[in-house]
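Asker: using only what follows, build the 3D model:
(chains A and B)
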There are 2 protein chains.
Amino acid sequence: PSLPVIRGVSASDHRRVRSSPGREMSSALLRATCRRAARRWSTVGGCDGSSTRRNGGVNRFHTGASSWVASGGWDERDADWAKSRRSNLDATSTRRAHSAALGFDETEPVNPFTIVNDELSAISARMRQAVTSEVPALATAAEYFFKVGAEGKRMRPTVLLLMASALTDLSSGGADALSRARAASVSIDHAPAHEVPDDTRRRQQRLAEITELIHVASLLHDDVLDSAATRRGLRALNLEVGNKLAILAGDFLLARASVTLASLRNTEVIELLSRVLEHLVTGEVMQMTAKPERLMSFDHYFQKTYFKTASLIANSAKAIVLLGGHDTETASHAYDYGRHLGLAFQFQDDVLDFVGSGSVLGKPTLGDLKEGIATAPVLFAAEEHPQLSALIERRFKHVGDVELAHDLVKRSDGIERTKELAREHSALAVKAVEALPAID
Amino acid sequence: PSLPVIRGVSASDHRRVRSSPGREMSSALLRATCRRAARRWSTVGGCDGSSTRRNGGVNRFHTGASSWVASGGWDERDADWAKSRRSNLDATSTRRAHSAALGFDETEPVNPFTIVNDELSAISARMRQAVTSEVPALATAAEYFFKVGAEGKRMRPTVLLLMASALTDLSSGGADALSRARAASVSIDHAPAHEVPDDTRRRQQRLAEITELIHVASLLHDDVLDSAATRRGLRALNLEVGNKLAILAGDFLLARASVTLASLRNTEVIELLSRVLEHLVTGEVMQMTAKPERLMSFDHYFQKTYFKTASLIANSAKAIVLLGGHDTETASHAYDYGRHLGLAFQFQDDVLDFVGSGSVLGKPTLGDLKEGIATAPVLFAAEEHPQLSALIERRFKHVGDVELAHDLVKRSDGIERTKELAREHSALAVKAVEALPAID
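Answerer: From the prediction side, this is the model:
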């Protein structure tokens, strides 16, 4: 009763979970997506040939990203790939040539992260530069999150740039125009944060930057909030430099996001991202302060998940489409895409907390349980093992609670049902992408 | 060398300090201001009859506010007045009648805080409501800062609303229109933060709200940052509810400020306030992480003071004028007014840390020294007592440093020169107000 109305998560989402089909799949589309999702994402092509044709061959990267989430996200093979990528960081020219060769070739299966990798590197360089040059004392924080090889998955800016590309017809001006546009997009934007970029793609890159700034700021403040021991495989910043700099660094990134956001001079976009800030805090507060009886509720879990994870992806996907000058219907599909992708991503993340390997994910296993947080696998398991309720409501505080909960989850179909939930939202994300207008 | 160029503080400001005339006053205007400033601010009328006439009788409240700062700010007599005000909070009708009787009567000396008191109460009620209803768990934080009687001086919104009034001709529509406008302005704005208010005064109230939200958010995060023991006479929030909620509450207020700011749909105003956020963090980082040799520098002190205190008042004063539809020259005078008032306010605050009474100011005496921070009184004193340099550079960390520094400051003209500095900026603030266009 103390909660506001549920924003971003529809009643049908809730019904879908309650009547979750478990290991059964609900449609041919879902089956097709999952078959492909079982393959390593870096070699996943389009999941749906028709949409690939219709949308100029870029949408399949969204489909690939959705499948990637459903397949288990950042798994060990990805980590191997990332490691080899890091060791090759000096071979920029080789990588560039490779990337150019890949281009938009529709016959070749492409790692969705590769296609915008150079552009992302330029954005990361810009963020790194801003923090280190404007506030040298925050360089520690900057290095912690932005140094080459430690940027994390960069899932959000990747998804956003792919969304922008999916709706932009770069090929209409011919090969020369295409190559000029690509060259421009991978050069580092050195303009001050408050200056309005003329170029649409530059404005969209700024939006991707803002999203990553907000995300990292929330991680910094969360580190203080939930005393996370490790994050992204490195020691949490608050252990390194103390709470003070972690809070300040987060505030600095938020301030920088605000200034950059203002520079876009689009009040609707400004409002969308401002609401996201509110959602991030609200979600965190819900998680921290929920009354015991709310902790058992899927409503509470969904709403919190939307606020803490999906809202940022959904609203920034909508924003990047609006910045591209597209209509509100297209923006609405982008929002749906981001919302479902974000939810799927978080459900999968909650699974990985139970089954993932600490060294790969950069998080201790059972981190949520240890923090007292009940996620979908536990909530599903509680339907089979009612004795979990008491543990959930006391936030796994008694000695042995974490181990008992883990055991009961393993002896339930909680993991499988959560994966299924992720797959469903992944499929809905694909559906939203397919509804995007064709550009050729 | 690691510092960016000084924004907001001109070279002439710096020269002025270096050649500070000490107890001597530099102009007839300054003398006149200071003579009046010696009187209790609540009975200070206009300092300059000509500007009062020219500007419709409201500017004198700005002048009064400037003088108030120069006179020592929130002193014990003010506290008595505030106490009696609080004890009379239930006698709203009496207070309203009194306030209405005061009106804009130019012959009666008026407490500058009284004239917008009812409007401020409406804004405070709105802030209180937002926090308690939208995120009940943050109610503790809300009560801490927004409960009736604990709102602090509300200096910023007071100054802003007075600035708005100074440029608005409420009397042109006749007595009825005037009384309707006043009634509307003191009713509580129940519209959601993201809704665009039609009415100009409402938009200006939103700006005043945003400024207070940002200010309180910075206090909340500073409480974590500098382990302040007391603030506003109450126990610091982080002692009451822990760092977690203090950070979250600050983030919530910042998010709320962002949403409200976006609703104003004025990209210049959005940009001004976004820069302020950046300045607040930069100032805090400068204070925390300055290299020892920078701590002796007036440049460093001025820049930090602009970032931490004056920028918010200056840029929001400019913003509220822009929201009123006035021209950029007027906005620029408002900026100057806010900048000088903010600097004067902080210089005076730095004096009060040495001479004020802990029970009245709501801060422990010598709080800055205990935090390792050297302010103007110490920097001036170091010119007479070079042995202070070593203490400043080691941030008063050795046993006895705080006491020795205090003693040396008392045996110098540091306090007096800082007061003089405050008076100079107060006079410059008055000058900026006098440059505002006449409205009748």
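Asker: once you drop chain neighbours, what's closest to A:H326?
Answerer: A:L167 (5.8 Å; C-beta to C-beta, 6 or more residues apart in numbering or on different chains). Every C-beta, even on glycine, is put in place using the N, C-alpha and C of the backbone.
Asker: nope, A:L272 is what I was after
Answerer: Closest residue in space to A:L272, ignoring its immediate chain neighbours: A:N315 at 4.4 Å, by C-beta to C-beta, 6+ apart.
Asker: ok, now A:T282?
Answerer: Once flanking residues are discounted, A:T282 sits nearest to A:F307: 5.1 Å by C-beta to C-beta, 6+ apart.
Asker: A:V259 is in contact with A:L213, correct?
Answerer: No: contact status for A:L213 versus A:V259: not in contact, 10.1 Å apart, counting by C-beta atoms under 8 Å.
Asker: neighbour-wise, which of these two wins?
Answerer: A:L213 (25 against 22; other C-beta atoms under 10 Å in any protein chain shown).
Asker: any idea which element the closest residue to that one other than its chain neighbours lies in?
Answerer: Leaving aside its sequence neighbours, A:L213 sits nearest to A:A257 (C-beta to C-beta, 6+ apart; 4.1 Å). Using DSSP states H and E, A:A257 sits within helix A:237-263.
Asker: which strands and helices lie in contact with that helix?
Answerer: Judged by 3 or more C-beta pairs under 8 Å, 6 or more residues apart in numbering or on different chains; DSSP states H and E, helix A:237-263 is in contact with helix A:117-134, helix A:139-146, helix A:200-226, helix A:267-289, helix B:200-226, helix B:237-263, helix B:267-289.
Asker: buried set for it?
Answerer: A:237-238, A:241, A:243-263 (16 or more other C-beta atoms under 10 Å in any protein chain shown).
Asker: distance of the residue nearest to A:L213 from B:L341?
Answerer: 29 Å (C-beta to C-beta, to the nearest Å).
Asker: next: A:I123.
Answerer: For A:I123 relative to B:L341 (C-beta to C-beta), the value is 40 Å.
Asker: A:S165 too?
Answerer: Separation of A:S165 from B:L341 (C-beta to C-beta) stands at 50 Å.
Asker: higher neighbour count, those two?
Answerer: More neighbours surround B:L341 than the other of A:S165 and B:L341, with 32 against 25 (other C-beta under 10 Å).
Asker: element containing that one?
Answerer: helix B:328-355.
Asker: how about A:L253, nearest residue that isn't a chain neighbour?
Answerer: Excluding the flanking residues, the one nearest A:L253 by C-beta to C-beta, 6+ apart is A:A217, at 4.0 Å.
Asker: nearest to chain B: which residue in the stretch 301-440 of chain A?
Answerer: A:F307 (11.0 Å; C-beta to the nearest C-beta).
Asker: A:T309 should be in a helix, yeah?
Answerer: Yes: when DSSP: H, G, I helix; E, B strand; the rest coil is applied, A:T309 is found to be in a helix.
Asker: isn't it right up against A:F345?
Answerer: Yes: A:T309 is within contact range of A:F345, at 6.6 Å (criterion: C-beta under 8 Å).
Asker: for the record, mean pLDDT for the helix or strand containing A:I313?
Answerer: Using DSSP H and E, A:I313 maps to helix A:311-323. Per-residue pLDDT values across helix A:311-323 average out to 97.
Asker: CA atoms of that helix as CSV?
Answerer: Extracted C-alpha coordinates of helix A:311-323, given in CSV (Å, rounded to 0.1, in the frame of the first residue of the first chain):
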residue,chain,number,x,y,z
SER,A,311,14.1,2.2,-16.9
LEU,A,312,17.6,3.5,-17.8
ILE,A,313,17.8,1.2,-20.9
ALA,A,314,14.2,1.8,-21.9
ASN,A,315,14.1,5.6,-21.6
SER,A,316,17.5,6.1,-23.1
ALA,A,317,16.6,3.9,-26.1
LYS,A,318,13.5,6.1,-26.5
ALA,A,319,15.6,9.2,-26.2
ILE,A,320,18.2,8.2,-28.7
VAL,A,321,15.4,7.5,-31.3
LEU,A,322,13.9,10.9,-30.5
LEU,A,323,17.3,12.5,-31.0
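Asker: got the contact list for that helix?
Answerer: The contact list for helix A:311-323 (C-beta atoms under 8 Å, 6 or more residues apart in numbering or on different chains) reads A:8, A:156, A:159-160, A:163-164, A:167, A:200, A:203-204, A:207-208, A:210-211, A:214-215, A:264, A:266, A:268-269, A:272-273, A:275-276, A:279-280, A:283, A:328, A:330-332, A:334-339, A:341-342, A:345.
Asker: just the buried residues of those residues.
Answerer: Neighbour-count burial within the contacts of helix A:311-323 applies to A:8, A:156, A:159-160, A:163-164, A:167, A:203-204, A:207-208, A:210-211, A:214-215, A:264, A:266, A:269, A:272-273, A:275-276, A:279-280, A:283, A:330-331, A:334-339, A:341-342, A:345; the criterion is 16+ other C-beta under 10 Å.
Asker: give me the pLDDT for the nearest residue to A:K397 once chain neighbours are set aside.
Answerer: Leaving aside its sequence neighbours, A:K397 sits nearest to A:G372 (C-beta to C-beta, 6+ apart; 6.6 Å). Confidence at A:G372, expressed as pLDDT, is 92.
Asker: low pLDDT regions in the stretch 151-300 of chain A?
Answerer: A:151-153, A:169-175, A:177-178, A:225-242 (pLDDT under 70).
Asker: one more pass at 80, please.
Answerer: A:151-154, A:168-186, A:223-246 (pLDDT under 80).
Asker: tell me the residues of it that contact chain B?
Answerer: Residues of the stretch 151-300 of chain A lying close to chain B (C-beta under 8 Å from any C-beta of the partner chain) are A:194, A:221, A:224-225, A:243-245, A:247-248, A:251-252, A:254-256, A:258-259, A:261-263, A:265, A:267, A:270-271, A:273-275, A:277-278, A:280-282, A:284-286, A:288-289.
Asker: looking at the residue of the stretch 301-440 of chain A closest to chain B now. What's its pLDDT?
Answerer: Here the pLDDT value assigned to A:F307 is 97.
Asker: from A:L280, how far off is it?
Answerer: With distances taken as C-beta to C-beta, A:F307 is found 7 Å from A:L280.
Asker: A:F345 too?
Answerer: Look at A:F345 and A:L280: by C-beta to C-beta, they are 15 Å apart.
Asker: one more: A:P157?
Answerer: A:P157 is 17 Å from A:L280, by C-beta to C-beta.
Asker: same question for A:M296.
Answerer: For A:M296, the distance to A:L280 equals 24 Å [C-beta to C-beta].
Asker: do A:S258 as well
Answerer: Relative to A:L280, and taking C-beta to C-beta, A:S258 is found at 14 Å.
Asker: grab the nearest non-local neighbour of A:G325.
Answerer: Leaving aside its chain neighbours, A:G325 sits nearest to A:T200 (6.9 Å; criterion: C-beta to C-beta, 6+ apart).
Asker: just want the angle from the helix or strand containing A:H406 to helix A:328-355.
Answerer: Here A:H406 sits within helix A:401-410, counting by DSSP H and E. Interaxial angle, helix A:401-410 versus helix A:328-355 (axes from the mean of the first three to the mean of the last three C-alpha atoms, to 10 degrees): 110 degrees.
Asker: okay, helix A:401-410 in PDB with CA atoms only?
Answerer: C-alpha atoms of helix A:401-410 as PDB (Å, rounded to 0.1, in the frame of the first residue of the first chain):
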ATOM      1  CA  ASP A 401      20.100 -18.700   5.900                       C
ATOM      2  CA  VAL A 402      22.100 -18.000   2.800                       C
ATOM      3  CA  GLU A 403      23.200 -21.700   2.500                       C
ATOM      4  CA  LEU A 404      19.700 -23.000   3.200                       C
ATOM      5  CA  ALA A 405      18.200 -20.700   0.600                       C
ATOM      6  CA  HIS A 406      20.800 -21.600  -1.900                       C
ATOM      7  CA  ASP A 407      20.100 -25.300  -1.300                       C
ATOM      8  CA  LEU A 408      16.300 -24.800  -1.700                       C
ATOM      9  CA  VAL A 409      16.700 -22.900  -4.900                       C
ATOM     10  CA  LYS A 410      18.800 -25.700  -6.300                       C
END
